[in-house]
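Chemist: pasting the structure only:
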Ligand SMILES: O=C(CO)COP(=O)(O)O
């Protein structure tokens, strides 16, 4: 078993259906062979209950394979007059283990600042969820050679509020904005370079955290590029958008992670 168990997390975004969940579980029961990788489904909140029921109903068929559930977002608040929001406690109550925090689509389209992201990270942990913290630079930032600077800023705000040790119970996802939903993935070398940078930065404070935190790559991962990406020493799997909506492709990605 690798030091860090690979993870494949499917971020459905505002896509999918309960039928997709059923289809996935039918295939999981047949195709997932072992627990050498962890599989996470992050459907829209309205489908969390369907996925929870499928997890329960397929417990035996999954035979120890690690399939878990995550949400795509949470409120930074515990409860109250926040129409349309969902708290960490509610997600925990619904059977979530993980929650994506700071996805670039939320930062860009819903005004989530790094401070809000840091609060959401704290709220997730407070309620017993493991945050999957997304960081990543834009295309222009990369062209201006500001990749490390942007990633460091995004990380540091979360570290300042929560401390480096908080990453003992967190996952990081490197998702360069120019690769998200564009069909243009980072090369394995580009991903590895940034993953190593993130690991080093955490190692400066805690070598233990640096060595153990799982860092996923996200951005146009498909069955044709996943093996090379997942084979990088600091890439511990993927956060998958588009390809997580196709059950055959998603299962292929899970198999690749299992043999990475
Ligand atoms: O944003 C992503 C996952 O969170 C990546 O999306 P794509 O895999 O569709 O590029």
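Modeler: That came in fine, so what should we check first? Remember, predicted model here, so these are calculated numbers, not experimental data.
Chemist: okay, CA-based contacts and neighbour counts for the rest of this
Modeler: Fine.
Chemist: so how far is stretch 47-62 from its chain's centroid?
Modeler: 20 Å (C-alpha atoms, centre = their mean, to the nearest Å).
Chemist: and the stretch 1-150 of the chain, which residues reach the ligand?
Modeler: Residues of the stretch 1-150 of the chain lying close to the ligand (C-alpha under 6 Å from any ligand atom) are residue 11.
Chemist: so for the closest residue to the ligand within the stretch 1-150 of the chain, what's the pLDDT?
Modeler: Per C-alpha to the nearest ligand atom, residue 11 is where the stretch 1-150 of the chain lies closest to the ligand, at 5.2 Å. Per-residue confidence at residue 11 stands at 98 (pLDDT).
Chemist: do you know how far it is from residue 244?
Modeler: Applying C-alpha to C-alpha, to the nearest Å, the value for residue 11 to residue 244 is 7 Å.
Chemist: likewise residue 161?
Modeler: Distance from residue 161 to residue 244, counting by C-alpha to C-alpha: 32 Å.
Chemist: ok, those two, which is more surrounded?
Modeler: residue 244 (28 against 14; other C-alpha atoms under 10 Å).
Chemist: ok, now which ones touch the residue nearest to residue 180 when sequence neighbours are not counted?
Modeler: Excluding its sequence neighbours, the residue lying closest to residue 180 (C-alpha to C-alpha, 6 or more residues apart in numbering) is residue 219, at 4.2 Å. With contact taken as C-alpha atoms under 8 Å, 6 or more residues apart in numbering, residue 219 is in contact with 175-186, 239-241.
Chemist: buried sites along stretch 82-91?
Modeler: Applying a neighbour-count criterion of 16 or more other C-alpha atoms under 10 Å, one finds 86, 87, 88, 89, 91 buried in stretch 82-91.
Chemist: list the contacts of that stretch.
Modeler: Applying C-alpha under 8 Å, 6+ apart, the contact partners of stretch 82-91 are 71, 74, 75, 76, 77, 78, 79, 123, 124, 126, 127, 129.
Chemist: check which residues of stretch 212-225 are buried.
Modeler: 212, 213, 214, 215, 216, 217, 218, 219, 220, 221, 222, 223.
Chemist: which parts of the stretch 151-260 of the chain are helices?
Modeler: Secondary structure of the stretch 151-260 of the chain, counting by DSSP state H, counting those that start in this stretch: helices at 188-205, 207-212, 226-230, 247-258.
Chemist: mind putting the ones you listed into a markdown table with mean pLDDT and distance to the ligand?
Modeler: As requested, the helices of the stretch 151-260 of the chain are exported to a markdown table (pLDDT from 0 to 100; distance: least, C-alpha to the nearest ligand atom, whole Å):
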| stretch | mean pLDDT | distance to the ligand |
| --- | --- | --- |
| helix 188-205 | 97 | 14 |
| helix 207-212 | 96 | 22 |
| helix 226-230 | 98 | 11 |
| helix 247-258 | 95 | 11 |
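Chemist: ok, which of those comes nearest residue 58?
Modeler: Closest to residue 58 of those, according to C-alpha to C-alpha: helix 247-258, at 16.2 Å.
Chemist: and that closest one, what does it pack against?
Modeler: Applying 3 or more C-alpha pairs under 8 Å, 6 or more residues apart in numbering; DSSP states H and E, one finds that helix 247-258 makes contact with strand 7-11, helix 18-31, helix 226-230.
Chemist: specify the angle between the longest one and helix 247-258 in degrees.
Modeler: Taking axes from the mean of the first three to the mean of the last three C-alpha atoms, to 10 degrees, one finds helix 18-31 and helix 247-258 inclined to each other by 40 degrees.
Chemist: for the record, mean pLDDT for whichever helix or strand comes after helix 18-31?
Modeler: Counting by DSSP states H and E, the next helix or strand C-terminal to helix 18-31 is strand 38-42. Strand 38-42 carries an average pLDDT of 97.
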